[in-house]
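Novice: only geometry, no sequence info:
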């Protein structure tokens, strides 16, 4: 099988023909993955040919190839990227390559293809000479998959490669045929490659890593041994046989050190530090790559391939560029973890000066995307909320001018008064014949006195703001008579009125918000069921184990998240926090459904307790209720950002069109089709 | 704190009839006229004693809005007892009782004990439903009946404890299989002098601990 596959690969390389039929027959991956891999393989070969220069046909001899060699760039299981690892000979030298499975979509437009190609170049190992490798560490855990870490002469390390389909023994066997590779005396899992030179020692010294002496000593000792450096001589000389025999003996012996070896622990520490350095170097390389727009040569730095290829991707790359001080980065692993967290750290709120810089002389917002990004990461200084929320909610168009907005306010106030007069003009006599009106008024009267009364703006008896709250809700129930009033609406309106401090403007902002969230309050709760179903699919995508736990414990209706979704966490955070959270959600910067990723983030944050304590539906519902006031909002937003990025288009595919707060899909009967039992 | 049994209760009825105030009066012995309206469900718990045995009542206070019923019905599952509440000053809340009761019968276990509560009996000057009407409805549907006032605490304690007594008697009579938690009853370990003891659950069938 191995020889046959290698031979097929070599034949394909020589002929310059894609091997999709063979690959499909040999692979146990899905058709899509096989097709993607074939496309990737083809792309790689074309790249290799280009690397060799025009006019010259390169002979590539693939001596090892393995599918489902996977890296885990994020802490989340769903963030794994599977690919193909190869060893091949070219012009007498051995090279290693690794390419992710995602292939180029031949139906994409040219610009999209170029974008994808650029990111793939950043990400892929196309041709790593084994002469650049210092050592390889192998790890065979009791549970889980075997993996290797490759460390270069420069001191950089690639992330661990997990061998989901096995094949690690064959990898080392193949390496031993073509390069000198010796097991380390200090750590039986470390395999030293080639000669040892000053550059690595200098790199290790400059990093001031613990255990450097041990590693350096080992390498120094190996230097004293005499080995033929030339691969050709090794293969053809009389000593080759002896060398091969020695390697085979070492391979067969399978030595394992049972004792607790301090050098081993130190070696692991070194590798962990290298991983941190890798992240730093990777981002730096990514930055350099963008600046140089280079697509040729050897690229060792990598970045996770972007799924969503639009302007935002570029913005995200720039923002994620991390340039911490190297010493501080390495001296404190906790601090390093914090700096290198996948979700971007929270920022300061949008300030008055920043807001002014977004406006042109006539008051138009010149770059709404940049504004929304700023608000997503930092929120809004409170004095600006009254103005900026109108844009986020869509009441003001971004390209409207000061003059247009003043005119709009006057027109809208008149319109509001007209709608309000519809119910104000109903006499008590007429009300006796208007059951629906009396019912709604009764509900609203009862609920506004039960809304945010602990907030100073609404506290105390005979509070005028409570009356305004009531008037707006009554007016809305006439403005949208079909939807009417439902509990939870006052939870949305109270912060809006607090910010706007104006009855008419509060009404219009609320009405626009209800265009998106009104389905939460449909009598049949179809909007709620759609969101809870989408949430279920997101959890299945992003945390299959947690999803399976919910399935086994009869929790798949996700009713324990009902309150979170209905009023978008209003009861889970303080009044101040909820204003920040909502403006983050309203940017729609990452997704119109960012609140669902927030649900997933919070559930994942507490998953160990949920699963560990074997919570059933009743216990889980009580636990989730009692998280109110206990959730770290900044961390939850960061986690949600990471999950949203990780899910990419697969996440968007979990959320059907029209799921609130997306605009509802029009039906023949209008926005809300439902039977009215009373009318 | 340990208990011999844990009973799950649900409080149901129209919005604004005083479900949350009844719960607060029972658990905290206080009346709070201003409180947030219930979205989804809220929880309360209290220990009582029956036959010298500690019984924990875990009480689910549900949202009364009609449109939330498709969600709140899921909370009825496994309830051993229900308080069905109407407001004596609002006749429509009495008129909706049959609908609430039908929901409860369909979604909770068949042997759930239901007590009908006519709340706000301190507002006699605004009474819209007579005591006799409430009593008659309860009789026709096999319910226990009480009028109560969450504000004055009249009959609040009695309502919960009487319901618990009825449930306890059903356990003694073998109506409830306590090894099956779908009846809303969990069996615990009664350790009188334990401090900070965990509330464990026993799988013994039909057994009575302590």
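Specialist: Received it, and whenever you're ready, just let me know what you need. Predicted, not measured: the structure shown is a model, and the values here were computed from it.
Novice: Alongside chain B, which residues does chain A contribute?
Specialist: Chain A comes close to chain B at residues A:443, A:446-447, A:449-453, A:486-488, A:490-491, A:521-525, A:528-529, A:557, A:559, A:562-563, A:566-567, A:571, A:617-618, A:621-622, A:625-626, as judged by Cβ under 8 Å from any Cβ of the partner chain. (Glycine included, C-beta is placed from N, CA and C.)
Novice: please redo it, this time with the cut-off set to 7 Å
Specialist: Within chain A, the residues that sit near chain B (Cβ under 7 Å from any Cβ of the partner chain) are A:443, A:446-447, A:449-451, A:453, A:486-488, A:521, A:523, A:525, A:557, A:559, A:562-563, A:566-567, A:571, A:618, A:621-622, A:625.
Novice: From the residues you listed, list the buried ones, please.
Specialist: Applying 16 or more other Cβ atoms under 10 Å in any protein chain shown to the residues of chain A next to chain B, the neighbour count classes A:443, A:447, A:449-451, A:453, A:486-488, A:521, A:523, A:525, A:557, A:559, A:562-563, A:566-567, A:571, A:618, A:621-622, A:625 as buried.
Novice: quick one: low-confidence ranges for chain B?
Specialist: B:1, B:180-182, B:189-210 (pLDDT under 70).
Novice: so where do the strands sit in it?
Specialist: With strands called from DSSP state E, chain B shows them at B:5-12, B:41-50, B:53-62, B:81-87, B:113-119, B:144-147, B:185-187.
Novice: Report whether the second one contacts chain A.
Specialist: This means strand B:41-50. Yes: judged by Cβ under 7 Å from any Cβ, strand B:41-50 comes into contact with chain A at B:41, B:43.
Novice: May I have the strands that pair with that strand, each with its orientation?
Specialist: strand B:53-62 (antiparallel) (DSSP bridges).
Novice: Can you name the residues in contact with the partner strand?
Specialist: B:2-12, B:19-20, B:23, B:38, B:41-49, B:72, B:75, B:160, B:164, B:190, B:210 (Cβ atoms under 7 Å, 6 or more residues apart in numbering or on different chains).
Novice: Which residue ranges make up the domains of chain A?
Specialist: A:59-196, A:400-518, A:524-652 (the TED database).
Novice: Could you dump those domains into a markdown table with distance to residue B:59 and mean pLDDT added?
Specialist: As requested, those are exported to a markdown table (distance: least, Cβ to Cβ, whole Å; pLDDT from 0 to 100):
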| stretch | distance to residue B:59 | mean pLDDT |
| --- | --- | --- |
| domain A:59-196 | 38 | 69 |
| domain A:400-518 | 19 | 90 |
| domain A:524-652 | 11 | 91 |
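Novice: could those domains go into a markdown table alongside distance to residue B:102?
Specialist: What follows is those, written out as a markdown table (distance: least, Cβ to Cβ, whole Å):
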| stretch | distance to residue B:102 |
| --- | --- |
| domain A:59-196 | 44 |
| domain A:400-518 | 21 |
| domain A:524-652 | 19 |
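Novice: wait, which of the ones you listed is closest to residue B:64?
Specialist: domain A:400-518 (8.4 Å; Cβ to Cβ).
Novice: Can you give me the end-to-end span of the closest one?
Specialist: Separation of the first and last residues of domain A:400-518 by Cα to Cα, to the nearest Å is 26 Å.
Novice: buried residues in stretch A:150-163?
Specialist: Those would be A:150-153, A:155-163, for stretch A:150-163 by 16+ other Cβ under 10 Å.
Novice: Show me which of the contacts of strand B:53-62 are buried.
Specialist: Among the contacts of strand B:53-62, those scoring as buried are B:2-12, B:19-20, B:23, B:38, B:41-42, B:44, B:46, B:48, B:72, B:75, B:160, B:164, B:190 (criterion: 16+ other Cβ under 10 Å).
Novice: All the helices of chain B, in order from the start?
Specialist: Along chain B, counting by DSSP state H, helices occupy B:19-28, B:69-72, B:91-95, B:97-107, B:131-141, B:156-172.
Novice: Next: the stretch 501-650 of chain A.
Specialist: With DSSP state H, counting those that start in this stretch as the criterion, the stretch 501-650 of chain A has helices at A:503-517, A:526-542, A:544-552, A:562-566, A:575-586, A:594-605, A:607-612, A:617-626, A:633-653.
Novice: Need the winner for burial among the helices of chain B.
Specialist: Most buried of the helices of chain B by mean neighbour count (mean count of other Cβ atoms under 10 Å in any protein chain shown) is helix B:19-28; its value is a mean of 22.
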